Structures are given as C-alpha cells and as structure tokens.
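Trainee: build the 3D model from these lines:
(2 chains)
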Amino acid sequence: MRKYQDMVFTTSARLVKNDAQAEDISQEVFLKAYENFEMLSASPAAGGWLKTVATNLSLNHLQRYRNRWRFFSEFGGGSESGEDDSPGIEFAAPDTFFEGVDAEERRAWVEDALSRLPDHQRIPLVLYHFEDISYDEIASRLGVSLAKVKTDILRARAALAKILSRGGESMATLSH
Amino acid sequence: MSTNDPEKLEASIHRLLRSLPDRKAPASLEARVLGELSRRAALPWWRKSYAYWPLAARASFVAASALAAALIVSGLFILLRSPGATAFASGVSQHFSWLVLSRELFAAASDRVRAVAAAIPPLWIYGAAGTIALCYATLAAICAATYRTLTFARQNP
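Mentor: Take a look at the predicted model:
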C-alpha cells in the first residue's frame, strides 16, 4: 500500500480537486484492492489496476456531484475560473517557466494552476495527459461529444499556459 | 520559446504535466484503510454481504429459501382446492369492499373534473401553462445566477 498510496491519492485529487474526497476515494480503492488481494499480489499490473480503479471511482464521484449541480454550474457556459481561455494569443511555452525552480515548487505551482481550471476543462485534460485516455474514451466516459472534449482540452491547455505564464511573470518580478 | 501552435502547446503541456511528481498521500490514509479493514473483519458473517458468508451458510440459505417457496406455493394450492375456498374468498373480499367504493368515488370525481375542464376556454389553459412555465424558467434562472455569483465570489474573494 505504501508503494502506491501517493499515486492513488494524486490520481484522485487531480480529478476531484478536493483532498478530503480524494482521501475517501483512495481508501475505497485500497479496500477494493484488499478484496482482490490474491489476484493483485502476484500481478505486475497492480499499479495500473489501482490507477484505473482510482480513476473510475473519482469519475463516479464526479458524475454523482455533476448530475446534481450540472445545470447551475454550467449555466451560461462561461469559464468558471474567470480566466479568458480563448486560444490564439501568443504566450510562452509552459515548460520554459520552470528553469531553476525545484520539483516540489513546480508541482505546487502547476497543481494550483490546474485547480483553477473549471471542471469541464480540468477533468478531460487530466484524463488525457495523466491517464493516457484517448479523446474517444474520454467523451464516452464523461457522456459528452467528441468535439466538446477536444475543444475543452484545447482551451484547458491554453488557459493553463496563460495561468502559468502570469505566475511566471510574477515569480520573475519577485526574484528581481 | 513562445507558442500559439496547438501541437507545440500540447507537447509542451504534456511534458510539463508528466514531469510532475506525485503528491504525498495524507498520513492518515494508511491508518484509515487498516482501521476499516479491521472493522470489517470484526463483523459477524451474517452482517457481511452474501458473497462473504461461509459455504455451509450459503447452502442452508438457498435450501431454506427453496423450502419456504415450496411451502407457500403448495399451501396456496391446497387452500384454493379445499371445499371452504369459496367461503374463504368471499370472507376476504368483504374486508376489501372499500376498494370498490374508492373506485366509484374516483370515477365520479374524474367525471366532474372532466366536465369542468371541458367548460374552460382553451386559451385560458394555454395562458396558465405559459405563465407557469415562465415562472419556473425565471426561478431557475435566478437560482442559477445566484449560485454562480456566490461560487465565483467564493473562488475569487
């Protein structure tokens, strides 16, 4: 469990954006793993199994919450983060912001930027880039159209880059 | 390096996100999992789900269920074939005579409602339906706008 708990918690926390809920989901993942201990104990794919279960449980959790609040939170279709995420504006590539920044600081910075994205952008972005799930599968798992998934991910990348570039400018200002 | 090329941005974001280390799980997680496992292990078998029952208990449960079903079916069969079945059926139906009365009352009430509805001009009905729909839409819009305003205020204090 110690070997995988960070991975399971991180997978869940990035999707649900709430540490307490991510901990509950992680607990559920390990309880399911215990029920399948015989199958998992000798399997080299145990990590993948845990990650898949963590992703599925997190998506189930989000789906329940989303069904309840979908109408209100997506009313008007605007960006909840208040960020202008329209693509097409020139900004610095995000991996250039972190030269000379240590890994933990970088992690905190990017996680914070991720958490600022609205759910409908963050969730497909996380599934695509962290969980290696295809556009088609994301669309079917989230119950939205393929075009919406592609647009949301595209906008999420642009919004993330913009948030990071703003943060990068302020960090550069602070360090000078 | 700067970019507005979606492909370059995708590659760049992918590199950045994949380079992130995992977050540290809360220290309480392991204790919570072990505590829950102990709690579940301490439960007696009959309070766990059927899949966790001992084999003998599962077999006994299936046998007892089958026996109970057979007893009920044969009991009903015997009852219906017995000489006193008609008297028994009329005795039972007397206890449910209120159902007939309820059906008659319901039929009379629906006849009255149908007669009143037929007397109302259709324009009034469409107007009332439209007003109700408008009120519902307005209320939903106010609630949604309030929710979004409060959420936005909480996220951007």
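
Trainee: which parts of the lengthiest helix in chain A are buried?
Mentor: Ranked by number of residues, the top helix in chain A under DSSP state H is helix A:146-175. Buried residues in helix A:146-175, counting neighbours by 16 or more other CB atoms under 10 Å in any protein chain shown, are found at A:149, A:152-165, A:167-168, A:171. Glycine gets a C-beta too; all of them are placed from N, C-alpha and C.

Trainee: ditto for stretch A:26-39
Mentor: A:26-30, A:32-33.

Trainee: let me see the mean pLDDT of it.
Mentor: Averaged over stretch A:26-39, pLDDT sits at 88.

Trainee: for chain A, give me the ranges with low pLDDT.
Mentor: By pLDDT under 70, the low-scoring segments of chain A are A:1, A:66-101, A:167-176.

Trainee: repeat that with 90
Mentor: Scanning chain A with the threshold set as pLDDT under 90 gives A:1-4, A:17-19, A:34-48, A:62-120, A:131-132, A:141-144, A:161-176.

Trainee: quick one, strands of it?
Mentor: Assigned by DSSP state E, the strands in chain A fall at A:91-92.

Trainee: all helices for chain B, in order.
Mentor: Remark: helices assigned in chain B by DSSP H are B:6-18, B:28-42, B:55-81, B:85-95, B:97-119, B:122-155.

Trainee: in terms of mean pLDDT, which of those ranks lowest?
Mentor: helix B:85-95 (a mean of 80).

Trainee: centroid residue for chain B?
Mentor: For chain B, B:S49 is the residue whose C-alpha lies nearest the centre (CA atoms, centre = their mean; 20.4 Å).

Trainee: now the phi/psi pair for that one, please.
Mentor: phi -70, psi 160 (degrees, to the nearest 10).

Trainee: per-residue pLDDT of it, please?
Mentor: For B:S49, the predicted pLDDT is 84.

Trainee: gap between it and B:L123?
Mentor: According to CB to CB, to the nearest Å, B:S49 stands 59 Å off from B:L123.

Trainee: also B:L9?
Mentor: 58 Å.

Trainee: what residues are up against residue 10?
Mentor: Here I'm looking at chain A. A:T10 makes contact with B:22-23, B:25 under the criterion CB atoms under 8 Å, 6 or more residues apart in numbering or on different chains.

Trainee: ah, I was thinking of chain B
Mentor: Residues near B:E10 by CB under 8 Å, 6+ apart: A:R157.

Trainee: could you do the one 10 residues further on as well?
Mentor: Contacts for B:L20 (CB under 8 Å, 6+ apart) come out as A:106-107, A:110-111.

Trainee: among the residues you listed, which two are most distant?
Mentor: A:R106 and A:E111 (9.4 Å; CB to CB).

Trainee: who wins on neighbours among the contacts of A:T10?
Mentor: B:A25 (23 neighbours; other CB atoms under 10 Å in any protein chain shown).

Trainee: tell me how far B:R15 lies from A:E111.
Mentor: For B:R15 relative to A:E111 (CB to CB), the value is 16 Å.
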